[in-house]
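Asker: The sequence and its predicted three-dimensional model are supplied below.
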Amino acid sequence: MTNILEARGLWKEYGDVVVLENINLTVREREFVTIVGASGCGKTTFLRMLLGEEAPTRGTFLLDAKPLPNEPGPDRGIVFQRYSVFPHLTVLQNVMLGLDFAGAPFVGKLFGSARRRARDKALGILNEVGLYEARDKYATQLSGGMQQRLSIAQSVIREPRILLLDEPFGALDPGISADMHKLILRLWEEHKMTVFMITHDIKEGFELGTRLLVFDKTRLDAQAPGSFGARITYDIPLKRADQLLLKQVQEQTRRTDEFVHATQAGEAVENAQQASG
Ligand SMILES: Nc1ncnc2c1ncn2[C@@H]1O[C@H](COP(=O)(O)OP(=O)(O)OP(=O)(O)O)[C@@H](O)[C@H]1O
Ligand SMILES: [Mg+2]
């Protein structure tokens, strides 16, 4: 697996306040990185830097071994804790909006066959997140869990390689979480994304991730609370990583198997033709 992201000696300061200090991290494609840490220790700031909304004050951030662009791009999508859906649009319109902006940033609308393709794609994603039946409802008619599915669909339809989730299930009833966990794991697998997910539920972090990061301040100064930032204090490989690797090895060997079978079948046909001819 190739590295998709690398942080080298990354610092983030706001004036005199050090938020993050010396973050070093290498993430491979298709990892599911969960992030936990005390409130205010810079988790959201880290995601916003990944998105390109904020620049580090020191150090480098590399995406595919190249400096991370200073602005959000279609390769990175984000879902926040609070639903970002437009209440006056239907479910389908909300999802198509993600594509409208991506496909025609100046017009804001797609026409003709491009529009039909976008519609089909949107319906496909709605099916994946379980909102196909609700496609013509207005966003305000949806429950919290459904709105969050819609937010996820809005991001995933743009086929980001990296999906950023900032406490996406934090505002939902605990009962809904299990379904949302299944959904996010399925999307992660099927769309082959690399995921970064902040959670305040450490159990959720352990269950969902292939890797868990803990952000924490290692030094505290009561006189000057802003003088030290958070670092990565734990970087824990989780067992799900083994399952991910297993799948990838299976995929790879299956490709070769199919190739060998196809070639053997081709040879068999040739031999039979030679024998009969
Ligand atoms: N634009 C900004 N200007 C100044 N300070 C900021 C800005 N954004 C964040 N901060 C500060 O950076 C620190 C980290 O904030 P951040 O939102 O990243 O924390 P967090 O770990 O996501 O917290 P929480 O768990 O509460 O969401 C906080 O002290 C916050 O006040
Ligand atoms: Mg936050």
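Answerer: Nice, I can see it. Ligands and ions are numbered 1, 2, ... in the order given.
Asker: so where does residue 69 fall, helix or strand?
Answerer: Under the assignment given by DSSP states H and E, residue 69 is not contained in any helix or strand.
Asker: So it sits against residue 55, correct?
Answerer: No: counting by Cβ atoms under 8 Å, residue 69 stays clear of residue 55, with 10.4 Å between them. For glycine as for every other residue, the C-beta is placed from the backbone atoms N, C-alpha and C.
Asker: which secondary structure element contains residue 55?
Answerer: Counting by DSSP H and E, residue 55 is part of no helix or strand.
Asker: Quick check: closest non-adjacent residue to it.
Answerer: residue 70 (6.0 Å; Cβ to Cβ, 6 or more residues apart in numbering).
Asker: quick one: pLDDT of residue 153?
Answerer: pLDDT, residue 153: 94.
Asker: Does it touch residue 123 like I think?
Answerer: No: with contact defined as Cβ under 8 Å, residue 153 does not count as touching residue 123 (10.5 Å).
Asker: So residue 18 is in contact with residue 231, correct?
Answerer: No: judged on Cβ under 8 Å, residue 18 makes no contact with residue 231 at a distance of 10.5 Å.
Asker: Bridging across strands, which residues link to the residue nearest to the spatial centre of the chain?
Answerer: The residue lying closest to the centre of the chain (Cα atoms, centre = their mean) is residue 163, at 1.6 Å. Beta-bridge partners for residue 163, by DSSP bridges, are residue 77, residue 195.
Asker: related to what we said a few turns ago, neighbour count for residue 153 and residue 123, which is higher?
Answerer: Remark: of residue 153 and residue 123, residue 153 carries more neighbours, 27 against 16, as counted by other Cβ atoms under 10 Å.
Asker: Next up, the contacts around that one.
Answerer: 94-95, 122, 125-126, 128-129, 131 (Cβ atoms under 8 Å, 6 or more residues apart in numbering).
Asker: Where does it sit, in terms of helix or strand?
Answerer: With DSSP H and E as the test, residue 153 turns up in helix 144-156.
Asker: Could you find the closest non-adjacent residue to residue 64?
Answerer: Distances taken as Cβ to Cβ, 6+ apart put residue 4 closest to residue 64, at 6.5 Å, once the chain neighbours are dropped.
Asker: where's that neighbour, which helix or strand?
Answerer: With DSSP H and E as criterion, residue 4 is part of strand 3-14.
Asker: Following the chain past that strand, name the next helix or strand.
Answerer: Assigned by DSSP H and E, the successor of strand 3-14 is strand 17-28.
Asker: is that following strand anywhere near ligand 1?
Answerer: Yes: Strand 17-28 reaches ligand 1 (Cβ under 6 Å from any ligand atom) through residue 19.
Asker: May I have that strand as PDB, with CA atoms only?
Answerer: C-alpha atoms of strand 17-28 as PDB (Å, rounded to 0.1, in the frame of the first residue of the first chain):
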ATOM      1  CA  VAL A  17      -1.400  30.000  21.500                       C
ATOM      2  CA  VAL A  18       0.200  26.700  20.400                       C
ATOM      3  CA  VAL A  19      -2.500  24.300  19.300                       C
ATOM      4  CA  LEU A  20      -0.500  21.500  17.800                       C
ATOM      5  CA  GLU A  21       3.200  20.900  18.200                       C
ATOM      6  CA  ASN A  22       5.500  18.700  16.200                       C
ATOM      7  CA  ILE A  23       3.000  16.300  14.600                       C
ATOM      8  CA  ASN A  24       4.600  13.500  12.600                       C
ATOM      9  CA  LEU A  25       2.500  11.000  10.900                       C
ATOM     10  CA  THR A  26       2.400   8.700   7.800                       C
ATOM     11  CA  VAL A  27      -0.900   7.300   6.600                       C
ATOM     12  CA  ARG A  28      -1.300   4.600   4.000                       C
END
